[in-house]
Structures are given as C-alpha cells and as structure tokens.
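K.L.:
give me the fold of what follows.
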Amino acid sequence: MAYFRQLDTQLATLQKLFDRDQKWLIMVNADPDALGSAMALKRIMSYRVADVGISHVNEVTRPDNLSMIRYLNIPTRRFTPAIAEQYDKFALVDSQPHHHKNFEGLHFSIVLDHHPQVEGKPVQADYKEIKPEYGSNCTLLTEYLHNLNIRPGKLLATALMYGIKSDTSSFERSFCDVDVKAFRYLSKHADHNLIRKIVRSEFRLEWLEYFSLAFSKLNIKKNGAHVYLGEVDNPDILVILADFFLRIHEIVWSTVAGVFGDTLIVIFRSDGVSRDVRELGKKAAAIFGDVGSAGGHAAMARAEVKLGDIPGQDPERFILSRLGLL
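P.N.:
Residues are numbered from 1 along each chain as shown. Now for the predicted structure:
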C-alpha cells in the first residue's frame, strides 16, 4: 500500500501549466501553513519555469512567523501591484481568492487549499485542489512532493513540518491520518532545533499591555470569554488572546474583537467538543456574513466588517448584539 495517495493524473495536469519562459508568483496570507506550502510549491516549480517568487498580502508581525521567515530563509515580499506586474502567472496556497481583497483582482492558475469552500463563492482556477478534511495545507504539498519523488531539503522539511504543527495545534485541532503520515515523514528530514527556536518565539514585549487590557475588560458568559479591545496596533494580538483564553479550564469558547484601521475584526475559538459551539466557522458566517466576510474551521473562525457597514452603531455593542451577549 502506498504511503500517500497516488496523484499521477493530477500532477500531470498540474505540470502542463508550467512553461520555461514564464514567471510565476505564489501568493499567500502569511502564516506558517501558508509559508511552508509556498516553499513546497516553489520547489516543485523549480527548473520547470523561468522564475518563482513568493508574496504575502498581510503585514507579517507575529514572532513565530518572523522567526520562520528568518531561520528558514523564506524569500517572501509584501505584495504590491508593481510586484504583480513582474509576473505572468499566479498561484495561491492555503487561501481562496475571496479570502483577501488583494487576491480578488488576480486570475490564479493554481489554487491549493484546505479551508472549506463557501457557497456562492466558487474557486476558479486552471488547476485547483481543496481538501477541507486535511488539518494543514502543508500536508497536501507534502503529498505532491512525495509523488514527484522530490525529497525535501532540511529547510523545506522544517517549514512543512512546522506548518502542520501550527495549523493542527500539535494535533489538538482537527486533523486526519494523512496529516500524521506527512508529519512523520517530514520529521526524518527536518531540523528539530530550528523548530524549537521558532516555537519559542510566541510573544512580543509590546503585546503585554493588551493582555492587561483584556483581563480588565473580560466578559464571561455562557461558559465563554468575550473581550472587545477597541483599537489595536496589530490584529495578531486578537488571535493570541483568543487562543489564550481557551486554555482556561472553565472556558469552552472565546471571542476577541478589536478595530484595526477601518475594519472590525472578530476572532472565534472553541474547544470543538461542546455541542453549542460546534461548527464555529459556519456560525461565524451566519452571524456576520451579511455585513462582512466570515468563515473558518469547526473550532476556529474569523470575521471582518468594515466600520462603514455598521453606521451609527458602536462596534462593541454591535458585536455583543450579534453574539447574543447583550
């Protein structure tokens, strides 16, 4: 029995897209899973196209992401229209075109993702594979490498292994057998000392004031924790705090919200066990989908709403009303 599924037909179709005269840009909303996936796709394209670049649409500020880019030599650049003009073809990993406004104006020849598709927002691409049953997109790319008989080098294997570790929360979140197989396969080739260095880079000194503010504004209701921080300098702190509150024994769900620029952002987390907070991604879409973008996994989700789309309402009261916490 093969270690991974056989992808001969799919990979033959994928490789037909490559031309030695073309320049490709791999787009990501940078996090460990996306960065590892981008490195793998770049390796697959090597020697098959003229040039491959990686570009991220978000500001990379989380310490683990910065450490990953630094230690693993990931050549990613912040996306600008000027960068896009330098390339002929575009690929997207660990995202779908509707996930970010900077994706929507591009035609993607390749889309490789593991997030659930949203009804009414089909993914259009010359080649696509979307595997929502996979806990990590790096698992999918590991399958591709294995089928192509490409043995990942130390840095690539480390990036893929950390991507799986991050997106499955060390297999505490949803995952499948293939995630475990990929992790085990990569562990033979990865640098575990580098992974430890990246893992230990969790917080930034300036974030401590947000912890203090969150503790003072903590709202405990229905076995859950809700915090509205107001304006934040970095939306990553919302994710950090939502994950943190879920570590408290009595808490089965958490929502942390704040305003970044002109956008209200709400991060959802749940234990994935309690009946009333299962399928959190669907619940988030139902709660905020009519005024903004929302979605995610069963135990983790994110919603974004432009402040202009909730005129005349206080953002905090708007959130409480939508969550039924008033």
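
K.L.:
residue 188: neighbour count?
P.N.:
10 (other CB atoms under 10 Å). Heads up, the C-betas are built off the backbone N, CA and C, glycines and all.

K.L.:
actually residue 181, sorry about that
P.N.:
Using other CB under 10 Å, residue 181 has 16 neighbouring residues.

K.L.:
my guess is it contacts residue 3, does it?
P.N.:
Yes: with contacts counted by CB atoms under 8 Å, residue 181 reaches residue 3, the gap being 6.4 Å.

K.L.:
hey, where'd the strands end up in the stretch 101-250 of the chain?
P.N.:
Remark: strands assigned in the stretch 101-250 of the chain by DSSP state E, counting those that start in this stretch are 110-113, 127-130, 219-221, 224-231.

K.L.:
pick the most buried one from these.
P.N.:
strand 110-113 (a mean of 24; mean count of other CB atoms under 10 Å).

K.L.:
what's next to that strand, contact-wise?
P.N.:
14, 17, 37, 41, 90-97, 123, 125-131, 137, 140-141 (CB atoms under 8 Å, 6 or more residues apart in numbering).

K.L.:
quick check on those residues: which are buried?
P.N.:
14, 17, 37, 41, 90-97, 123, 125, 127-131, 137, 140-141 (16 or more other CB atoms under 10 Å).

K.L.:
could you pull up phi and psi at residue 91?
P.N.:
For residue 91, the backbone dihedrals are phi -130, psi 150 (criterion: degrees, to the nearest 10).

K.L.:
pLDDT weak spots in this protein?
P.N.:
1, 272, 274-299, 311, 325-326 (pLDDT under 70).

K.L.:
surely residue 66 and residue 204 touch.
P.N.:
No: under the criterion of CB under 8 Å, residue 66 is not in contact with residue 204, lying 9.3 Å apart.

K.L.:
can I get the CA coordinates of the helix or strand harbouring residue 43 in CSV?
P.N.:
Per DSSP states H and E: residue 43 is located in helix 32-45. C-alpha atoms of helix 32-45 as CSV (Å, rounded to 0.1, in the frame of the first residue of the first chain):
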residue,chain,number,x,y,z
PRO,A,32,3.3,29.0,9.0
ASP,A,33,1.0,26.8,6.9
ALA,A,34,0.9,29.2,4.0
LEU,A,35,4.6,29.8,4.1
GLY,A,36,5.5,26.2,4.2
SER,A,37,3.1,25.4,1.3
ALA,A,38,4.6,28.3,-0.7
MET,A,39,8.1,27.0,-0.2
ALA,A,40,7.0,23.5,-1.4
LEU,A,41,5.2,24.8,-4.5
LYS,A,42,8.2,26.9,-5.3
ARG,A,43,10.4,23.8,-5.1
ILE,A,44,8.0,21.9,-7.4
MET,A,45,8.2,24.7,-10.0
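
K.L.:
next structured bit after it?
P.N.:
Taking DSSP H and E, what comes next after helix 32-45 is strand 51-56.

K.L.:
by contact count, what packs against the helix or strand following that next one?
P.N.:
Once the chain leaves strand 51-56, the next helix or strand it forms, by DSSP H and E, is helix 63-71. Helix 63-71 sits against helix 32-45, helix 154-167, helix 192-199, with contacts defined as 3 or more CB pairs under 8 Å, 6 or more residues apart in numbering; DSSP states H and E.

K.L.:
give me the angle between helix 63-71 and helix 192-199.
P.N.:
Helix 63-71 and helix 192-199 are oriented at 140 degrees to each other (axes from the mean of the first three to the mean of the last three CA atoms, to 10 degrees).

K.L.:
buried sites along the next helix or strand after helix 63-71?
P.N.:
Using DSSP H and E, the next helix or strand after helix 63-71 towards the C-terminus is strand 76-78. Neighbour-count burial for strand 76-78, counted by 16+ other CB under 10 Å, picks out residue 76.

K.L.:
list the strands paired with strand 76-78, with their directions.
P.N.:
Strand 76-78 pairs in its sheet with strand 51-56 (parallel), by DSSP bridges.

K.L.:
how near is the closest residue to residue 257 other than its chain neighbours to residue 322?
P.N.:
Closest residue to residue 257 apart from its sequence neighbours, by CB to CB, 6 or more residues apart in numbering: residue 266 at 4.4 Å. Note on residue 266: its distance to residue 322, by CB to CB, to the nearest Å, is 9 Å.

K.L.:
quick check: phi and psi on residue 266?
P.N.:
Torsion angles, degrees, to the nearest 10, at residue 266: phi -120, psi 120.
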